[in-house]
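Q: Kindly generate the corresponding structure for this input.
(chains A and B, ligands or ions: 1)
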Amino acid sequence: MYWEKDIETASRQTLSQLQFSRLRETLTQLSHKSEFYQKKFREQGVTVDSIRSLDDVRRLPFTTSADLRAQYPDKLNIVDKDHLLRLHTSSGTTGKPKALFFSRKDIEILTNNFARCLTMVGCTPKDVFQNMMTYGLFTGALMSHYGAERVGMLAIPAGPGNSERQLMLMQDFGTTVAHATPSYALYFANFVEKKGLDPAKDISLRILLVGAESYTEETRRKIEKTFDADVFNCYGLSEMGGPGVGFECTAKNGIHLWEDTYLIEIIDPKTLEVLPPGEVGELVITSINREAMPILRYRTGDLTRIIPEPCPCGRTHIRVDRLKGRADDMIIVKGANIYPQQIERVLMKTEGVGRNYLIHLQGLDEMIIKVELDANAFDGQVSKLESMQKSITERIRAEVQVKPVVELLAPGTLPVSEGKTKRVIDNRSL
Amino acid sequence: MSNNLTESKETEVKLLSVFAENKPGVLAKATQALAEAQVSILWFKIIDGAGDKYGIIRFLVDHTQEGIAALKNSGFAIATSPILAVVADDNPGSLSKLTAALYEGKVDIRNGSGYYLNRRVVLIIETQQMEAARTILNQLGYKILTSAEIKALSNKKCS
Ligand SMILES: [Zn+2]
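A: Purely as a prediction, here's the structure:
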């Protein structure tokens, strides 16, 4: 199903022409109105007229998270206050948040893009959409809420947490589509089971939109099996307007990013050179259809690769692989570079492992992996737990070249946050 | 595992096993959950896992179903396993006679424990070969308690 078939299946030539004209318009606006980019253009020695093709994008300056913070509160906004409709912020772990402004046109485009995403995965006006994302300054919930209403779905602004009420809403209003983080989806499944219900049978979810945290294919399968529903991977970031930057289609093989709104590059995070299609690097996004706060070459910190092959769904917009985690997620233990997702992949494939885990670094360079058990697989035999512990230890060592200490925990004991769940706690005294 | 038992599900005696990553904390929380549900603990044992970081606490309770529900509602990962609760006299040699008979009958005892009750010993035997063990013990004239008898014993103890 398409929301806007013409644009979703437009030829590469059409898309490129549209992208180039929108990029030029964006650069023109910035060169007139943005002191921040005027300065960057001068430093980089670029003028609007010197950008003659899409390939010239690589001559434009990057924008970083630190830039956004430094321009707080409103130095990146280029329209009159009268034209602003909404403010969101994106909080960091330290310092000031990033302030993100949206005009009426911006909200309209993002709403429409999210409606595209929902239709792409099979949502229709008949569906009931329960939004378990955080409403508030975070873009995740409000933007998707608007998109669901645009499709014509009944939208329930449940917000995160309060599992008792989530379950009640689901049962009483027949929720068919839910939007959640992977960690909350799994936590909620535990909760439903504790109530003596079967998440696959006793609730009528058929689609789960899962995003805001990166997760592995194994976790997707686990959620799908638990709820007997399709899980679609959503990609978004507040800096680019929130949750509908890209979505998986029903092929479940890569995330389509909307190229009439964004220009996509993959760069080598060290040399900052653009990488050829297919190579893994950092995703860099330029907004090309944004009024209040256009951002050039934003370094997302997310690692992925472009899937060059055409998608069987017929959409022509670029696909990127499931995100491999953020470049800054990487941890170094005993000299080995480790992505938490490598560990997650091993855990989620292991029979008897539950739905949550935590990587704890401590002491001199010790890696402790805390793993929740699957209550349904627990049979009361110590020997089985011991062999599971041993098998996890060995397989993780094979995967990351560091031998972890694996600790088993009771189901539901690790914390689940309402925003992004912290998977790594580093208390090393190095 | 319990399907090859001659006894029906209702009379079969079961142990409740609770996963315990923090043993003292879990023991306190589990016993409280059972107490609140008016379930009496007749016997318990902590089995340590590798590295001593976690263990499994086994409970024999008077009201099994209520005990399971109480522990589940408190969020524990629990499992049940069938056992034989055998009454032995508190005489020297009684235990060795029994274990020797089971050994000769090639019954592999996975876990065995006992507790005193009214001047007698109740032996708790966990094995993969339940039926064989039951036959041997019956032949030797040992009394194997049913779940109803376990309940009754606990009442007697309380009175
Ligand atoms: Zn597709």
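
Q: pLDDT of stretch A:181-197, averaged?
A: Across stretch A:181-197, the average pLDDT comes to 88.

Q: anything in that stretch near chain B?
A: Yes: Stretch A:181-197 is in contact with chain B by Cβ under 8 Å from any Cβ of the partner chain, via A:194, A:196. In short, each C-beta sits where N, CA and C put it, glycine included.

Q: buried ones in that stretch?
A: Using 16 or more other Cβ atoms under 10 Å in any protein chain shown as the test for burial, stretch A:181-197 gives A:181-194.

Q: repeat for stretch A:199-210
A: A:199, A:203, A:205, A:207-210.

Q: and the buried residues of stretch A:181-197 as a markdown table, adding secondary structure and distance to the ion?
A: Below are the buried residues of stretch A:181-197 laid out as a markdown table (DSSP: H, G, I helix; E, B strand; the rest coil; distance: Cβ to the ion, whole Å):
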| residue | secondary structure | distance to the ion |
| --- | --- | --- |
| A:T181 | coil | 23 |
| A:P182 | helix | 21 |
| A:S183 | helix | 26 |
| A:Y184 | helix | 26 |
| A:A185 | helix | 23 |
| A:L186 | helix | 26 |
| A:Y187 | helix | 30 |
| A:F188 | helix | 28 |
| A:A189 | helix | 27 |
| A:N190 | helix | 32 |
| A:F191 | helix | 33 |
| A:V192 | helix | 31 |
| A:E193 | helix | 33 |
| A:K194 | helix | 37 |
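
Q: Closest one of these to A:A292?
A: Using Cβ to Cβ, A:T181 comes nearest to A:A292 of the buried residues of stretch A:181-197, at 27.3 Å.

Q: Would you agree the closest one is in contact with A:L209?
A: No: counting by Cβ atoms under 8 Å, A:T181 does not reach A:L209; the two are 10.3 Å apart.

Q: going on from the longest helix along chain A, what's the next piece of helix or strand?
A: Secondary structure assigned by DSSP state H gives helix A:12-33 as the longest helix of chain A. Note on helix A:12-33: by DSSP states H and E, the next helix or strand toward the C-terminus is helix A:35-44.

Q: Would you map the strands across the stretch 51-200 of chain A?
A: Taking DSSP state E, counting those that start in this stretch as the test, the strands found in the stretch 51-200 of chain A are A:84-90, A:98-103, A:128-131, A:154-156, A:177-180.

Q: out of those strands, nearest to A:D302?
A: strand A:84-90 (13.9 Å).

Q: Skipping adjacent residues, who's closest to the residue of chain A found nearest chain B in space?
A: For chain A and chain B, the shortest gap (Cβ to the nearest Cβ) falls at A:G380, measuring 3.0 Å. Nearest residue to A:G380, sequence neighbours excluded (Cβ to Cβ, 6 or more residues apart in numbering or on different chains): B:S17, at 3.0 Å.

Q: any idea how far B:L84 is from the one you found?
A: When distance is defined by Cβ to Cβ, to the nearest Å, B:S17 is 16 Å away from B:L84.

Q: and stretch A:347-366, how far out from the chain's middle?
A: Its chain's C-alpha centre and that of stretch A:347-366 lie 22 Å apart, by Cα atoms, centre = their mean, to the nearest Å.

Q: Can you get me the start-to-end distance on it?
A: Distance between the boundary residues of stretch A:347-366 (Cα to Cα, to the nearest Å) amounts to 18 Å.

Q: Contacts only, for residue 72.
A: By default, I'm working from chain A. Contacts for A:Y72 (Cβ atoms under 8 Å, 6 or more residues apart in numbering or on different chains) come out as A:96-99.

Q: wait, I meant chain B there
A: B:K72 neighbours (Cβ under 8 Å, 6+ apart): A:194, A:196, B:78.

Q: what's the closest of those residues to A:R315?
A: Proximity of those to A:R315 (Cβ to Cβ) peaks at A:K194, which lies at 40.2 Å.

Q: how about the helices of chain B, start to end?
A: Listed in chain order, the helices of chain B (DSSP H) span residues B:23-36, B:64-73, B:94-104, B:130-139, B:147-158.

Q: so what's B:S81 bridging to?
A: B:S81 has the following beta-bridge partners by DSSP bridges: B:L15.

Q: likewise the one 4 residues further on?
A: When bridges are assigned using DSSP bridges, the partners listed for B:A85 are B:I124.

Q: Kindly tell me how buried it is, as a neighbour count.
A: Neighbour count of B:A85, defined by other Cβ atoms under 10 Å in any protein chain shown: 25.

Q: these two touch, right, it and B:I124?
A: Yes: between B:A85 and B:I124 there is a contact at 5.8 Å, judged by Cβ under 8 Å.

Q: Quickly list what's touching both of these two.
A: Listed as contacting both B:A85 and B:I124 by Cβ under 8 Å, 6+ apart are B:L60.

Q: got the domain boundaries for chain B?
A: Following automatic domain parsing, chain B resolves into domains at B:13-81, B:83-153.

Q: mean pLDDT for these: which is lowest?
A: domain B:83-153 (a mean of 83).
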